[in-house]
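In: need a structure here:
(one chain, ligands or ions: 1)
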Amino acid sequence: MSALKTVRGLVEAGLVKEESGLDAVAEKYAISITPAVLALIDPNDPNDPIARQYVPAPEELVTTAEERADPIGDLTHSPVEGIVHRYPDRVLLKAVHVCPVYCRFCFRREMVGPQGLGTLTAGELDAAIAYIAAHEEIWEVILTGGDPLVLSPRRLHVIMEKLAGIAHVKVVRFHTRVPVVEPKRIDAEMVEALTASGKTTYLAVHANHPRELTALARTGFDLLIAGGVVLISQSVLLAGVNDDAETLAALMRGFVENRIRPYYLHHPDLAPGTGHFRVSIEDGQRLVTALRGRISGLCQPTYVLDIPGGHGKADIGAAALVGSDGCFTVRDWQGGEHAYPPVGD
Ligand code: SF4
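Out: Below you'll find the predicted structure:
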């Protein structure tokens with residue numbers, strides 16, 4: 001069985017109604033739902049949190065004034081095709097602009113998909129590698145896109161070999177949905193392709209709901225870890241998917257139980273047609289504060305906002321400490337405020 005990529009396919013699978021009016025959405029934004037994701041969707045639940053992430057909705061045609069095609073400003077920091085150099089010590093290498101699934105909230109939705117920016121040609125890849133080689137301050141290369149794990153192990157191996165030849169690059173990080181949405185792609189050959197002598201490989205697993213961490217996904221995580229890959233998580237805070245403390249707690253615990261260290265919880269970006277996923281920053285802060293008391297320190301993600309315009313990430317977790325001149329007020333996880341240093345007790 002292959003992925004569902006058309007409105008007709010969604011209708012036949014019982015995910016949307018015949019008269020859903022989604023053709024206009026499909027013309028604008030790519031659709032793809034893999035068999036592994038389809039198996040997780042409860043077609044009888046109109047609010048299913050898995051379906052909400054992957055099944056297109058008419059709200060996607062509504063674009064608000066603050067939304068923008070390049071919400072995190074990739075293009076402002078792209079010195080050569082495929083490279084985003086936003087911070088001194090690291091670059092994004094966007095080798096590919098297709099994904100196994102198309103997330104309805106995607107921050108790069110204007111760049112990914114069959115009509116997106118395409119895959120780097122051999123010449124463009126060589127130019128991107130030459131840029132990395134020429135900049136000795138680059139310590140880490142982050143493969144993202146698109147989803148780099150849609151590339152064959154052979155092509156990933158070629159990229160890793162090229163990076164292995166650059167002494168100042170110490171860490172290679174992959175950002176991917178594949179272990180969750182197409183877990184069978186994670187096999188011994190893939191794991192080998194992701195590692196290279198002298199480099200440390202990190203892999204950020206993108207999942208937003210605890211039900212995405214299946215037994216099959218776990219098999220892939222175990223293979224990656226056994227192959228020497230360090231796993232971290234990334235999630236997006238999404239209305240109707242994970243914007244309650246219980247779901248977020250289960251997701252973060254799920255990561256830790258799978259030996260994936262929680263890393264980023266992204267505030268949703270201002271991508272076009274994604275307003276129905278947006279949570280207020282105040283609500284996001286309340287949620288991450290609630291996690292503090294509810295679950296172990298091992299399970300705490302960093303709540304971040306990518307500042308529009310390409311200004312990078314900012315930690316926007318609720319400030320637990322306010323004050324100056326040595327007198328502070330510290331807020332606990334239940335909202336109680338305490339003087340520090342303590343006064344009178
Ligand atoms: S896998 Fe990542 S890049 Fe691809 S559609 Fe989903 S969020 Fe966007």
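
In: residue 300 is in contact with residue 253, correct?
Out: No: when contacts are counted by Cβ atoms under 8 Å, residue 253 is not listed as touching residue 300 (11.0 Å). All C-beta atoms are positioned from the backbone trio N, CA, C, and that covers glycine.

In: ranges for the helices of the stretch 1-150 of the chain?
Out: Taking DSSP state H, counting those that start in this stretch as the criterion, the stretch 1-150 of the chain carries its helices at 7-12, 23-28, 35-40, 49-54, 122-134.

In: could I get the ones you listed as a markdown table with distance to the ligand?
Out: Formatted as a markdown table, the entries for these read as follows, by distance: least, Cβ to the nearest ligand atom, whole Å:
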| stretch | distance to the ligand |
| --- | --- |
| helix 7-12 | 16 |
| helix 23-28 | 14 |
| helix 35-40 | 11 |
| helix 49-54 | 9 |
| helix 122-134 | 18 |
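
In: quick one: name the residues of the stretch 151-300 of the chain near the ligand.
Out: The stretch 151-300 of the chain comes close to the ligand at residues residue 177, as judged by Cβ under 6 Å from any ligand atom.

In: so, low pLDDT: which residues of the protein?
Out: The chain contains residues with pLDDT under 70 at 344-345.

In: now do the strands in it.
Out: Assigned by DSSP state E, the strands in the chain fall at 83-87, 90-94, 140-144, 171-176, 200-206, 230-236, 261-266, 302-306, 313-315, 321-324, 327-331, 337-340.

In: tabulate the helices of the stretch 1-150 of the chain (JSON lines), appending mean neighbour count and distance to residue 283.
Out: Rendered in JSON lines, the data for the helices of the stretch 1-150 of the chain read as follows (neighbours: other Cβ atoms under 10 Å; distance: least, Cβ to Cβ, whole Å):
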{"stretch": "helix 7-12", "mean neighbour count": "17", "distance to residue 283": "30"}
{"stretch": "helix 23-28", "mean neighbour count": "14", "distance to residue 283": "27"}
{"stretch": "helix 35-40", "mean neighbour count": "18", "distance to residue 283": "26"}
{"stretch": "helix 49-54", "mean neighbour count": "23", "distance to residue 283": "17"}
{"stretch": "helix 122-134", "mean neighbour count": "15", "distance to residue 283": "39"}
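
In: compare the ones you listed and give me the one nearest residue 86.
Out: Shortest separation from residue 86 across the helices of the stretch 1-150 of the chain is recorded for helix 122-134, at 13.8 Å, computed as Cβ to Cβ.

In: can you give the distance of the closest one from its chain's centre?
Out: Going by Cα atoms, centre = their mean, to the nearest Å, the spacing between the C-alpha centre of helix 122-134 and its chain's C-alpha centre is 25 Å.

In: could you do stretch 303-311 as well?
Out: Relative to the centre of its chain, stretch 303-311 is centred 14 Å away, using Cα atoms, centre = their mean.

In: buried ones in that stretch, by neighbour count?
Out: Of the residues in stretch 303-311, those buried by neighbour count under the rule 16 or more other Cβ atoms under 10 Å are 303-306, 310.

In: ok, now stretch 326-345?
Out: Neighbour-count burial for stretch 326-345, counted by 16+ other Cβ under 10 Å, picks out residue 331.

In: got the CA positions of it in PDB?
Out: What follows is stretch 326-345, C-alpha atoms only, in PDB (Å, rounded to 0.1, in the frame of the first residue of the first chain):
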ATOM      1  CA  GLY A 326      19.500  40.800  44.500                       C
ATOM      2  CA  CYS A 327      15.700  40.600  45.300                       C
ATOM      3  CA  PHE A 328      13.700  38.200  43.200                       C
ATOM      4  CA  THR A 329      10.300  36.600  43.000                       C
ATOM      5  CA  VAL A 330      10.400  33.000  41.900                       C
ATOM      6  CA  ARG A 331       7.200  31.400  40.500                       C
ATOM      7  CA  ASP A 332       6.600  27.700  41.300                       C
ATOM      8  CA  TRP A 333       4.900  25.200  39.000                       C
ATOM      9  CA  GLN A 334       1.500  25.800  40.600                       C
ATOM     10  CA  GLY A 335       1.700  29.600  40.100                       C
ATOM     11  CA  GLY A 336       2.700  30.400  43.700                       C
ATOM     12  CA  GLU A 337       5.200  33.300  44.100                       C
ATOM     13  CA  HIS A 338       8.100  33.200  46.500                       C
ATOM     14  CA  ALA A 339      10.600  35.900  47.500                       C
ATOM     15  CA  TYR A 340      14.300  34.900  46.900                       C
ATOM     16  CA  PRO A 341      16.200  35.200  49.200                       C
ATOM     17  CA  PRO A 342      13.300  34.300  51.400                       C
ATOM     18  CA  VAL A 343      11.900  37.000  53.700                       C
ATOM     19  CA  GLY A 344      10.900  36.100  57.300                       C
ATOM     20  CA  ASP A 345      10.800  32.300  57.300                       C
END
